[in-house]
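Undergrad: have a look; sequence and predicted model below, questions after that.
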Amino acid sequence: MPATPRIRRRPRHVLARAAGSVLVAVGVAAAALAVAPGAAAASKPRTSTTGASPTVTASSPTDTRAMWVWDTSTPAATVDLAVSAGIDQLFVAVPPNLTTSSQLPAIRTLTDRAKAAGIRVDALGGDPGWVDNPTWVVTYWLKPARNSGLFTGIHVDIEPYSTPAWITNQPSVVSKYLALLDQLKANAGTAPIEADIPFWFNTVPATASGGAGSSLDREIMKRTAGVTVMAYRNTAAGPDGTLDIATAALTAGVAMGKPVRLGQETTYLGDTAAETKQTFYGWTRTNMETQLAEVNAGAATYSSYAGLAIHSAAGYAAMTP
C-alpha cells in the first residue's frame, strides 16, 4: 500500500494571482465554536434540531448556503451554529477508514442532528497528495465514507497546485487530478461528487476528450455534479471583487450546465493586503452580510449560480454579530 496521504484538517487557501504566479497561504481557524445568531437566519427560517418531522422548503440560490466543517468534535454546537446561520448544506471532514475511526460517533451525531434540522451533509476530504494515490483514496477514504450511509454526496478539496510537481510538470498533475476525479465518480455509486476549485482554473490548460484544447475548470465540471469556487474577496463589486473573479467560473457553469457555488472566507489568513482582502476575518457578521447580499444579487444573473459557501464553521463562529 502506498504511503498514507493525509486528510487536511484545515485547507490551504488561494491568494491573489499576480504576474502569472499563484500564492498560497495556510489558513488556520483557531477559534472555538460559539453559538450566536447569524444575520442570515432572520430571512431564512430553519427547523429545530429537536422534533420529529422537520419541514424543508426549497430555496432560491440567493438564500442557499453551505459551510465547511473541519472540526467535528462538537457536533451539537456545530449544527446549532449552522441552523442560526441559515445553512442548507454542510461539508463535513471525514477521516480515512471512517467506519472504524474513533471520530465516527461524533460525525454520526453531527450528521443525524443536521439531517433532523433539514440540512444536507456531504463527506469532505482532500489533499494535494491524493493525485498520486487514487487507489488509496478510493479504498480507504471514499468507500468507507460511502458505506457509512451518513452522507448524501462527496465533496473534495484537493488543491493540486500545492504539489511541487505543479511547477515542474503541470500537465502531468492536471492529468492525474482529472483521472482521480474519474475514479471517484466511478466508485461513488449514486452519491454526487462536488469539487472546490480556485477562481483561476479557467487559465489552466487541460485536454478534453478527443485531444481538443479545454480548460481545467470546464474539465472538472464535466466530471462532477457541481463546483464551489474559492472566490475569496471581502468586497463584492469592482475590479478584483468576488463577482469579478468569479465571472469565468459562473460563465463556464452556464455553458456546462453545472451549478457553481461561490466560497467566502472568514478565517485568519495573514496580515498583508493580499491576505486580508480575501477574508471577512475581523468583520462583523452584519457588515459581511452587506457584501454577501451584493454577491447574491450580482451572481443571480447567471443560471449556474447555486448560492454561497462559508469557510468555515470555526471562522464564522468567531465573528461577532
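TA: Okay, I see it.
Undergrad: for the protein, which segments count as helices?
TA: 75-84, 104-116, 134-136, 143-147, 165-168, 170-187, 216-223, 242-256, 273-276, 285-299, 313-318 (DSSP state H).
Undergrad: need the winner for burial among those.
TA: Burial of the helices of the chain is given as mean neighbour count (mean count of other Cβ atoms under 10 Å); helix 313-318 ranks first at a mean of 25. Where C-beta positions appear, they are placed from N, C-alpha and C, glycine not excepted.
Undergrad: chain center to that one: distance?
TA: 15 Å (Cα atoms, centre = their mean, to the nearest Å).
Undergrad: go on, stretch 296-305?
TA: That offset, for stretch 296-305, works out to 18 Å (Cα atoms, centre = their mean).
Undergrad: what mean pLDDT does that stretch have?
TA: Stretch 296-305 comes out with an average pLDDT of 97.
Undergrad: thought Asp88 was touching Arg65?
TA: Yes. Counting by Cβ atoms under 8 Å, Arg65 is a contact partner of Asp88 at 5.9 Å.
Undergrad: those two: which has the busier surroundings?
TA: When Asp88 and Arg65 are compared for neighbours, Arg65 comes out ahead with 24 against 18, by other Cβ atoms under 10 Å.
Undergrad: okay, the more buried one: pLDDT?
TA: With respect to pLDDT, Arg65 scores 97.
Undergrad: I'd say it and Ile310 touch.
TA: Yes. At 6.4 Å, Arg65 and Ile310 qualify as touching, with contact defined as Cβ under 8 Å.
Undergrad: got any residues that touch both of those two?
TA: Ala85, Ile87 (Cβ atoms under 8 Å, 6 or more residues apart in numbering).
Undergrad: re earlier: who touches both of Asp88 and Arg65?
TA: Gly307.
Undergrad: pLDDT weak spots in this structure?
TA: For the chain, the stretches with pLDDT under 70 are 1-59, 62.
Undergrad: ok, now which ones touch Leu180?
TA: Listed by Cβ under 8 Å, 6+ apart, the contact set of Leu180 reads Trp130, Val131, Pro134, Val137, Ile158.
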